[in-house]
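K.L.:
Pasted the sequence and its predicted model underneath.
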Protein chains: 2
Amino acid sequence: MNSINKKIEDNSSPFRGLGGYTYGELSAAQLRSLVQRNVDPANEIRAVVEDVISNVREHGDNALLGYAQKFDHVELQKLYLDKAELEELATALLPEQKQALQTAYQNIKKFHQTQLKTEDKVETMPGVTCWRELRPIERVGLYIPGGSAVLPSTLLMLGIPAQIAGCHQIVVCSPPQKNGKVNAFIAYVCQLLGIDKIYLAGGSQAIAAMAYGTETIPAVDKIFGPGNQFVTKAKTIIQSTTTCAIDMPAGPSEVLVIADETSNPEFVAADLLAQAEHGADSQSILVATSQNIIDAVNKALEKQLPVLPRAEIAGKAIANSYSVLVNDLQQAMQFSNLYAPEHLILATENWQSIVNSIINAGSVFLGNLTPESVGDYASGTNHTLPTSAYARAYSGVSVDSFVKKITFQHITPDGIQNIGPTVEILAELEGLHAHKNAVTIRRAP
Amino acid sequence: MNSINKKIEDNSSPFRGLGGYTYGELSAAQLRSLVQRNVDPANEIRAVVEDVISNVREHGDNALLGYAQKFDHVELQKLYLDKAELEELATALLPEQKQALQTAYQNIKKFHQTQLKTEDKVETMPGVTCWRELRPIERVGLYIPGGSAVLPSTLLMLGIPAQIAGCHQIVVCSPPQKNGKVNAFIAYVCQLLGIDKIYLAGGSQAIAAMAYGTETIPAVDKIFGPGNQFVTKAKTIIQSTTTCAIDMPAGPSEVLVIADETSNPEFVAADLLAQAEHGADSQSILVATSQNIIDAVNKALEKQLPVLPRAEIAGKAIANSYSVLVNDLQQAMQFSNLYAPEHLILATENWQSIVNSIINAGSVFLGNLTPESVGDYASGTNHTLPTSAYARAYSGVSVDSFVKKITFQHITPDGIQNIGPTVEILAELEGLHAHKNAVTIRRAP
């Protein structure tokens, strides 16, 4: 990044806003460097995480109890909360908080329900019929982080599609608080989802427990959920060494906002800050069609930032972010597709002119009245999305993530005669004679 | 496995057939052990493969030319064959071979085309609209192994869904033969698919080239295709250290056949051998409702096996396989779901009674006239399937594997008032005030 001189390097106060680049002045190599995120920052912690995984595999519950003491500073009597304990915890919620969680639940459910589809049968040749049927993944594990932010929304976003898919067993792990409980909001969401038990385990040890199983925590077939670098590293190790699958690798959250003269700079600044408050390593990228817009957004940032409770975190993230000046909205989309943002906001009245040009993005927010934060909670879409340019090849979590699509085929007596010669010739040219025999023996009169 | 005594341990000649277990006599631990496949056999080769990846990253084309000399025993002048060269190679095919490849192409295309669907918009609340749109993965890499068996069918199975998805760039890598060319069948399939270039690289070096790009071979966003343990290890390393995705981990091929008194033992034996000829580490599992059936299948195996060109390989795989005696078809399905086979054959007239009990399988073949080998080539379904019990959480390759599903949302002035309070309350309870602001600022009069 040293070769890019226009970036404002001094991020100390006074507030400098978003360091700026001009798209037309960037070489291909500079563009590549600008959109590059470090996707393997935690390789040096691999040994630590492998150690945790071995320990959990070997010592099961005892290992988990030890980690709870060490990392969560609590001596647990048992590794779960049951239905009665969750109900008791949930009584702490105010009615309007319950109502808000219920509304989010309904919207997310309504949208995700449409993703469960049956497929038609296809007769590819007379007598040869093929189709796909959905089957739920039997046992899924949902990891809900604790730590600095408590995220009941994450439990909604993972639990609802798991429920719609019909997964037989939904195992939820979350780190215990110092009182040996979980947050009341998490407890209430368990009730909404009909989940009767929550397991008290956090970090890479929770991932290991769900992958291998312990005396208390059941092993699962696929693990979902965000987490810190230890959690992410544990998930990628599990994915490459066991048959347990994971939803996707997770990096810091990010937004890219495309703005033109029809944008509202105050709204844009608010969206950039919403992303920035997640963490100092979050990125808030502004791509705008004029310098005036960039200046106006920077001015709004300077006004809105200092009054935020998480101003320090957000300020660091803004310093870690940048703006790109482009000629027009099409050029903005070129940059956006290269960046492949987790969240893309088309903060313009003209969004319909570019929506078909979107190739790489996790979730897209259209127009000036659609803030990214509605998607985090309640619009209905899922907020578990590909970060770090994974949007080039990955989709966000959906009901699809909780099912398998199994292919079926059925052949009639006529069908085997129709398809037989083709298979016989192809098996022979691949040198696989037993493959050929399996057809020939069925074609014999 | 030592604790399971019924397994016939002496696999030397004379032919012993499939060593047998009885489902009802197996403990839970024995069952787990029986269905266990080694999914990380190649961890000791990790260092070797990491070395290859670094070398390709650093030296690009030169590294690939060196590996071609070392492993493929050919001094390449260039790292690809162009359209004219592919056309020239394809002239070696007989008309009936071309016809067979065309028929397979048509059937596979017909089935996969139905997988490309548009989705409806959902108004989750008045003024809040959500939907998903498909976008192709821009750049995909298809690895087509060379070596002992040449597999043009694999290029069909990966190229057709890539084409239907609309991937902008389809990069095909295959190891060069000693004459610096590829097999004529592969060349002809390139023509069918409209692929004008094939890159001459094999093994883990080909995977590294597609993940990072070289002077000649373009970098891609997702890599597909089977291969030996070096290829598989390279794919899992790439998956966990870059944003490049992979289709799925791949292990030895396998079939599970469920048979009852309505089965034809000769057909069953032919199907078990078709799987067995893939490699000595393939598994062919027979689950049958009576000992008579198992005996009859073993007798048929003894007759069919010796005359196969690949009898030695198939014999080793059969020795590595087993049968399970069950009480009825439902119990057979219990075992099958535990095993989670890549290929499942319901070799019974009564398949309709158990088809809904299938939970874990890659591709399913229904009835006595549907051999697994039709799915390998031409029925229309994809043959790139989850092995090694990955079918518990993974689906086979389909058009889905070549697209992303991006979520969209649009909110009207009414909509932001309707959804606003919910988002404000939830953002506040998660302690994310900038998230709240992004809504509040848009709700202000």
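P.N.:
Right, received. Where do you want to start?

K.L.:
List, one by one, the residues from the stretch 51-200 of chain A near chain B.
P.N.:
The interface of the stretch 51-200 of chain A toward chain B, taken as C-beta under 8 Å from any C-beta of the partner chain, is made up of A:96-97, A:99-101, A:103-104, A:106-107, A:110-111, A:114-115, A:117, A:119-120, A:122, A:124-125, A:128, A:130, A:132, A:135-138, A:149-153, A:185. The way it works is simple: take the backbone N, C-alpha and C, and place the C-beta from them, glycine included.

K.L.:
Helices - which of those land there?
P.N.:
Mapping these onto helices (DSSP state H) picks out A:96-97, A:99-101, A:103-104, A:106-107, A:110-111, A:152-153, A:185.

K.L.:
can you redo the residues you listed as a markdown table with neighbour count and pLDDT?
P.N.:
Formatted as a markdown table, these follow (neighbours: other C-beta atoms under 10 Å in any protein chain shown; pLDDT from 0 to 100):
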| residue | neighbour count | pLDDT |
| --- | --- | --- |
| A:Glu96 | 11 | 96 |
| A:Gln97 | 18 | 96 |
| A:Gln99 | 14 | 97 |
| A:Ala100 | 24 | 97 |
| A:Leu101 | 27 | 97 |
| A:Thr103 | 21 | 98 |
| A:Ala104 | 27 | 97 |
| A:Gln106 | 17 | 98 |
| A:Asn107 | 25 | 98 |
| A:Lys110 | 16 | 98 |
| A:Phe111 | 28 | 98 |
| A:Pro152 | 25 | 88 |
| A:Ser153 | 24 | 93 |
| A:Phe185 | 24 | 93 |
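
K.L.:
now, the most widely separated pair of the residues you listed?
P.N.:
A:Glu96 and A:Phe111 (22.9 Å; C-beta to C-beta).

K.L.:
Can you tell me which of the ones in helices among the residues of the stretch 51-200 of chain A next to chain B is nearest A:Leu286?
P.N.:
Scanning these for proximity to A:Leu286, where the rule is C-beta to C-beta, the winner is A:Ser153, at 25.4 Å.

K.L.:
tell me the contacts of that closest one?
P.N.:
Listed by C-beta atoms under 8 Å, 6 or more residues apart in numbering or on different chains, the contact partners of A:Ser153 are A:104, A:376-377, A:383, B:426, B:430.

K.L.:
and what of A:Ala162?
P.N.:
Listed by C-beta under 8 Å, 6+ apart, the contact partners of A:Ala162 are A:140, A:142, A:170, A:224, A:402.

K.L.:
Low-confidence ranges, chain A, go.
P.N.:
Chain A contains residues with pLDDT under 70 at A:1-14, A:39-43, A:147-149.

K.L.:
50 - rerun?
P.N.:
Along chain A, the parts satisfying pLDDT under 50 run over A:1-12.

K.L.:
Looking at the contacts of A:Ala162, which one is closest to chain B?
P.N.:
A:Val140 (8.6 Å; C-beta to the nearest C-beta).

K.L.:
Beta-bridge partners for the residue lying closest to A:Gly166 once chain neighbours are set aside, please?
P.N.:
Spatial nearest neighbour of A:Gly166, excluding adjacent residues (C-beta to C-beta, 6 or more residues apart in numbering or on different chains): A:Pro136 at 4.2 Å. Applying DSSP bridges to A:Pro136 gives these bridge partners: A:Val403.

K.L.:
who's in contact with A:Pro136?
P.N.:
For A:Pro136, the contacting residues are A:165-168, A:402-404, B:359, by C-beta under 8 Å, 6+ apart.

K.L.:
mind listing what A:Leu338 touches?
P.N.:
Counted by C-beta under 8 Å, 6+ apart, A:Leu338 has contacts A:31-32, A:35, A:360.

K.L.:
do that again at 6 Å, thanks
P.N.:
A:Val35 (C-beta atoms under 6 Å, 6 or more residues apart in numbering or on different chains).

K.L.:
That one is in what secondary structure piece?
P.N.:
Using DSSP states H and E, A:Leu338 sits within helix A:329-339.

K.L.:
Let me know how buried A:Val220 is, in neighbour terms.
P.N.:
For A:Val220, the count of nearby residues is 27 (other C-beta atoms under 10 Å in any protein chain shown).

K.L.:
do the same with A:Val56
P.N.:
For A:Val56, using other C-beta under 10 Å, the count is 29.

K.L.:
Surely it and A:Ala208 touch.
P.N.:
Yes - A:Val56 is within contact range of A:Ala208, at 3.8 Å (criterion: C-beta atoms under 6 Å).

K.L.:
Return the set of buried residues in the longest helix along chain A.
P.N.:
Looking across chain A with DSSP H, the single longest helix is helix A:46-72. Across helix A:46-72, burial judged by 16 or more other C-beta atoms under 10 Å in any protein chain shown covers A:49-50, A:52-53, A:55-56, A:60-61, A:63-65, A:67-68, A:72.

K.L.:
B:Ser398: which of these is nearest?
P.N.:
When those are compared against B:Ser398 (criterion: C-beta to C-beta), the nearest one is A:Ile53, at 32.0 Å.

K.L.:
can you tell me which helix or strand A:Ala427 belongs to?
P.N.:
Going by DSSP H and E, A:Ala427 is part of helix A:413-429.

K.L.:
likewise A:Ser323?
P.N.:
strand A:322-325.

K.L.:
So which elements touch that strand?
P.N.:
Where contact means 3 or more C-beta pairs under 6 Å, 6 or more residues apart in numbering or on different chains; DSSP states H and E, strand A:322-325 is packed against strand A:19-22.

K.L.:
change it to 8 Å
P.N.:
When contacts are defined as 3 or more C-beta pairs under 8 Å, 6 or more residues apart in numbering or on different chains; DSSP states H and E, strand A:322-325 packs onto strand A:19-22, strand A:283-288, helix A:291-304.

K.L.:
now those in TSV, with distance to A:Glu254?
P.N.:
Listed next are the helices and strands packed on strand A:322-325 as TSV, based on distance: least, C-beta to C-beta, whole Å:
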stretch	distance to A:Glu254
strand A:19-22	16
strand A:283-288	4
helix A:291-304	16
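
K.L.:
State the distance from the residue nearest to A:Asp328 when sequence neighbours are not counted to A:Asp260.
P.N.:
Distance criterion C-beta to C-beta, 6+ apart; nearest residue to A:Asp328, sequence neighbours excluded, is A:Thr289 at 5.9 Å. As judged by C-beta to C-beta, to the nearest Å, A:Thr289 and A:Asp260 stand 4 Å apart.
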